[in-house]
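A.B. asks: no sequence on hand, only this structure:
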């Protein structure tokens, strides 16, 4: 990245920090923590949104902060909830009483498996970590197998066995008919031991239509979910733009737009010169 | 006609940044200036309301928080409305979390509703057991022995000292489970390891993106109704008490309308362009 870009970003950051200081000084002490949160939230949210224009230093800054904070957060969570409470808390209950557990010698096994996992860091003995991975894979495969068999196969298959004609209810009859046809045709579409031709081909094609409708519904829900997240952030920015929050989002947005505009003009100028 | 065609072709080549700006404006304006579009309750939301409504008074309900700050706009309105309905009907609430962030979410919501709005007593009317690592293994664990996994609540009170936990030793001792879920582990795991194996009545509120994954369990009767994303939350609020989701629905509806419009225009533009190329 060119020196000019960094100069502009540095000036932008200095402007934001100056505005922050002015705002804090103009408030009472009690408002500081809430106010600071709004400023940080506004810088990070608008920094991420700025990527929609193009990749830029504000986005990079927000992205790096996010990655760093997330990594630290997960390490802290993993240590304090799993290693400290669950592992040391059961192996050395007197020294680690926070979990309130009694001594349990079986926890030496996860300790050893955990150490094996760390062997990945040393290439010559990295293969030992496969034992830990094998344990995790085996455990989860076993754990999920019976759950899936009961809830996803037996219960779902039972629910598919519906009467196609429901006396007195045309809507239910149509629903049940569509359900049965949809399940059978979609299943046949995934049967690859026979060429999809003739009647079999027609039925599997019907299956594709049902699958397409399902994908369409998934896409619609995905859009709805993403818009909901956008609404959440916009609502936050609106709150951060109120006088009680020091108009944080408005100030940050104006500064970011100005910096990006200046940079765009500079880029255009250097492109024309070249 | 040629003019119309060139307009349609241009529509298909719109700068994507312009689309972002239009969507941004479409979301911002209704939030700032609400329109008050109607919210119609769907049967799946009504089923959730009815299921919660039919729990006998004084029952103990397990509410599991499996969402974080990113999905808060969708799920938190559901959590708030659910707690209001449960507390209106004098139910006891035991909160827990399969996500670490879920503990912060549950603390925030319980403080606002149970403590400030209803003035209920910690450990008697409600309690927050917090987060435990292990994902679905936690559900398996509390199905066998809840106190081995949760020996204290988030305020470090021993579980055996909490009156609300009298007679609660496993997940089977709860009268109802409600999962507020934004992904894995969440609703599906509760169905697989608690609701189905032990026949515990259960309902759920999920993010929109999860609906297609969870709806087969609803249709199969394994879950009683579903609150589907922000619209589900708004419908639920409509039945209990208006809140944030209802306020957000204007923006959601306007944005959806615009996206549908963009999809239609994009497809027409694509067809016109293809016809031009083949002509």
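C.D. replies: Noted; the coordinates are in hand. Keep in mind the model is a prediction, meaning the values are calculated, not measured.

A.B. asks: can you give me the pLDDT of the closest residue to chain B within the stretch 1-150 of chain A?
C.D. replies: The nearest approach of the stretch 1-150 of chain A to chain B comes at residue A:147, 3.4 Å away (C-beta to the nearest C-beta). (Glycine included, C-beta is placed from N, CA and C.) Here the pLDDT value assigned to residue A:147 is 87.

A.B. asks: that one: neighbouring residues, count only.
C.D. replies: Look at residue A:147: counted by other C-beta atoms under 10 Å in any protein chain shown, it has 20 neighbours.

A.B. asks: name the residues of the helix or strand where it lies that are buried.
C.D. replies: In this assignment (DSSP states H and E), residue A:147 forms part of helix A:129-147. Neighbour counts over helix A:129-147 (16 or more other C-beta atoms under 10 Å in any protein chain shown) mark A:129, A:132, A:143, A:147 as buried.

A.B. asks: ok but residue B:64 is inside a strand, no?
C.D. replies: Yes: Residue B:64 sits within a strand when classified using DSSP: H, G, I helix; E, B strand; the rest coil.

A.B. asks: specify the beta-bridge partners of it.
C.D. replies: Listed by DSSP bridges, the beta-bridge partners for residue B:64 are residue B:96, residue B:179.

A.B. asks: contact partners for it?
C.D. replies: Residue B:64 is in contact with B:95, B:96, B:97, B:98, B:102, B:177, B:178, B:179, B:180, B:181, B:190, counting by C-beta atoms under 8 Å, 6 or more residues apart in numbering or on different chains.

A.B. asks: go with 10 Å
C.D. replies: Each residue near residue B:64 by C-beta atoms under 10 Å, 6 or more residues apart in numbering or on different chains is listed here: B:94-99, B:102, B:106, B:129, B:138-139, B:177-181, B:185-187, B:189-190, B:194, B:202, B:204.

A.B. asks: how about residue B:127?
C.D. replies: B:60, B:92-96, B:110, B:114, B:121, B:150, B:153-155, B:157, B:159, B:162-165.

A.B. asks: so which residues on the stretch 51-200 of chain B come close to chain A?
C.D. replies: B:69-76, B:99-101, B:103, B:130-137, B:139-140, B:148-152, B:156, B:158-159, B:182, B:188-189, B:191-197 (C-beta under 10 Å from any C-beta of the partner chain).

A.B. asks: pLDDT score for the residue of chain B positioned farthest from its centre?
C.D. replies: Residue farthest from the centre of chain B, counting by C-alpha atoms, centre = their mean, is residue B:279 at 50.6 Å. The model reports residue B:279 with a pLDDT of 75.

A.B. asks: still on that earlier bit, could you say what helices and strands whichever helix or strand comes after the helix holding residue A:147 packs with?
C.D. replies: Toward the C-terminal end, the helix or strand that comes next after helix A:129-147 (DSSP H and E) is helix A:155-160. The contact analysis (3 or more C-beta pairs under 10 Å, 6 or more residues apart in numbering or on different chains; DSSP states H and E) places helix A:155-160 against helix A:170-189, helix B:211-219.

A.B. asks: so which of the ones you listed comes closest to residue A:64?
C.D. replies: helix B:211-219 (32.6 Å; C-beta to C-beta).

A.B. asks: helices or strands next to the helix or strand just after that closest one in the packing?
C.D. replies: Downstream of helix B:211-219, the next assigned helix or strand under DSSP H and E is strand B:226-228. Strand B:226-228 is packed against helix A:198-240, helix B:43-53, helix B:72-88, strand B:202-206, helix B:211-219, helix B:229-239, with contacts defined by 3+ C-beta pairs under 10 Å, 6+ apart.
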